[in-house]
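**Q** my questions concern the predicted model and sequence given below.
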Amino acid sequence: MSGGPDGEGARRWEPGDLANSNAGPVTGSVVQARDIGELHISGAPATGSAEPPTQPARSTWTPRKVLVGMGVTLLIFVLLPLLPQSPDPDAIPPESGVRPAGSSNEAVLAAVSAGLESCAQARVLRPANCPQKVDDLVGQADEVHWAIHGDPVDGAYAPVWSNDRFYVAGNAVMTATYQVPYQVPSPENLTVEVVPYRAEVTWTDGKATIGDLRSFDRIDKQRISKREPRFTPEQVTAVVRTAFHRCVAGTRSPMPPECPSWSAAQQSDHATWTLNGDPLVNSKQTFESSTGMVHVTGSYSATVSTHDQFLGMDAGYKTTQSGDYDASVIVDGPELHVLQIKSA
């Protein structure tokens, strides 16, 4: 057979001729058979062969699952406080073990009191191995003096024996006086500090020895109950009035640090103070059982006149200082003592 669409001679098909080729550029899909059982397809995929588009995942939460989750969360919050907690190294432990023979609460408290008195001998505002400190210092402090007022072990936690030592906690009332050079208006400072302490006391050779004494900021004030002073309200009023008269008897401005402060006070070494009326009129007294202090609150007014000279001229002035006050009163030994009359 001869002649064909391409103008070439066509030859007869013979057995074994299993190849079919098409030369030249091709567009679209091409199906080519080579070996029996092998089919090669190139070009665009056949219609209908594409995979369906991926559908967005649907949320598995249902109202029932939400309620179950809320219930589990609530159960965790309820049971969490019931789980065993790590012991607090600063806490006062419960009584346990057998107390040493011959030991007594009185001897333990006496050792604690002696330890606090020793701390009061420190000449820095934050002494090491002691519970007291003064914060908010402007500069380097000079002439530091601590003093304990009242009975520091009165009303303290009863001594607890645990394993090999006693534990005691209480409140001590201390004052710190110090100077900060170049501080305006006055370098002199006084602060009344309520010092919560925690003490550990060992018992060796029939004697109580204090081993650790530190601040105890988590003290329970409700467990501290100091004795109320055996003085009448009139006696308390009298000592506060006397303290006010000492404040105005000075010849310097501002008043001494145990007296009411005033931010507008002018510094002068030649001042004359005068009380305007009785500062104890309408005053009120409140006993604070956790510290043993009586707080007297009221109002005061005082006039100051200065008589300074500057370059041969009178630089004096006259002004009135007034406001509310809080006077801290405590029993020191057999007497009442005013620690400070602080501006309120």
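**A** That came through fine.
**Q** state the mean pLDDT of the helix or strand residue 295 falls within.
**A** Assigned by DSSP states H and E, residue 295 falls within strand 293-306. Here strand 293-306 scores 97 as its mean pLDDT.
**Q** in that strand, which residues are buried?
**A** 293, 294, 295, 296, 298, 300, 302, 304, 306 (16 or more other C-beta atoms under 10 Å). C-beta coordinates here come from the backbone N, C-alpha and C atoms, glycine included.
**Q** closest to residue 282 out of those?
**A** residue 298 (6.2 Å; C-beta to C-beta).
**Q** now the very next helix or strand once past the strand holding residue 295: how far from the chain's centre is it?
**A** Going down the chain from strand 293-306, the next helix or strand is strand 309-310, by DSSP H and E. Computed by C-alpha atoms, centre = their mean, to the nearest Å, the chain-centroid distance of strand 309-310 equals 49 Å.
**Q** could you dump the buried residues of strand 293-306 into a markdown table with distance to residue 146 added?
**A** Converted to a markdown table, these look like this (distance: C-beta to C-beta, whole Å):
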| residue | distance to residue 146 |
| --- | --- |
| 293 | 17 |
| 294 | 22 |
| 295 | 22 |
| 296 | 24 |
| 298 | 29 |
| 300 | 28 |
| 302 | 29 |
| 304 | 31 |
| 306 | 33 |
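**Q** from these, which is closest to residue 158?
**A** Once C-beta to C-beta is applied, the member of the buried residues of strand 293-306 that ends up nearest residue 158 is residue 293, at 22.2 Å.
**Q** ok, the closest one to residue 135 distance?
**A** Distance, residue 293 to residue 135, by C-beta to C-beta, to the nearest Å: 20 Å.
**Q** kindly report the same for residue 115.
**A** Residue 115 is 22 Å from residue 135, by C-beta to C-beta.
**Q** and if you look at residue 340?
**A** Applying C-beta to C-beta to residue 340 and residue 135 gives a distance of 17 Å.
**Q** out of these two, which sits in the busier spot?
**A** Looking at residue 340 and residue 135 with other C-beta atoms under 10 Å, you find the greater number of neighbours at residue 340, namely 20 against 8.
**Q** and the angle for the helix or strand encompassing the more buried one with strand 293-306?
**A** Per DSSP H and E: residue 340 is located in strand 335-343. Here the directions of strand 335-343 and strand 293-306 differ by 60 degrees (axes from the mean of the first three to the mean of the last three C-alpha atoms, to 10 degrees).
**Q** which parts of the stretch 51-200 of the chain are strands?
**A** Here the stretch 51-200 of the chain has its strands, by DSSP state E, counting those that start in this stretch, at 142-149, 160-162, 165-179, 188-204.
**Q** quick one: mean pLDDT for the strand holding residue 340?
**A** For strand 335-343, mean pLDDT is 97.
**Q** quick one: strands adjacent to it?
**A** strand 318-332 (antiparallel) (DSSP bridges).
**Q** what's the first helix or strand after whichever strand or helix holds residue 214?
**A** Assessed by DSSP H and E, residue 214 sits inside strand 207-215. Per DSSP H and E, the first helix or strand lying C-terminal to strand 207-215 is helix 233-249.
**Q** now do the buried residues in the helix or strand that comes right after that following helix.
**A** Using DSSP H and E, the next helix or strand after helix 233-249 towards the C-terminus is strand 271-275. Neighbour-count burial for strand 271-275, counted by 16+ other C-beta under 10 Å, picks out 271, 272, 273.
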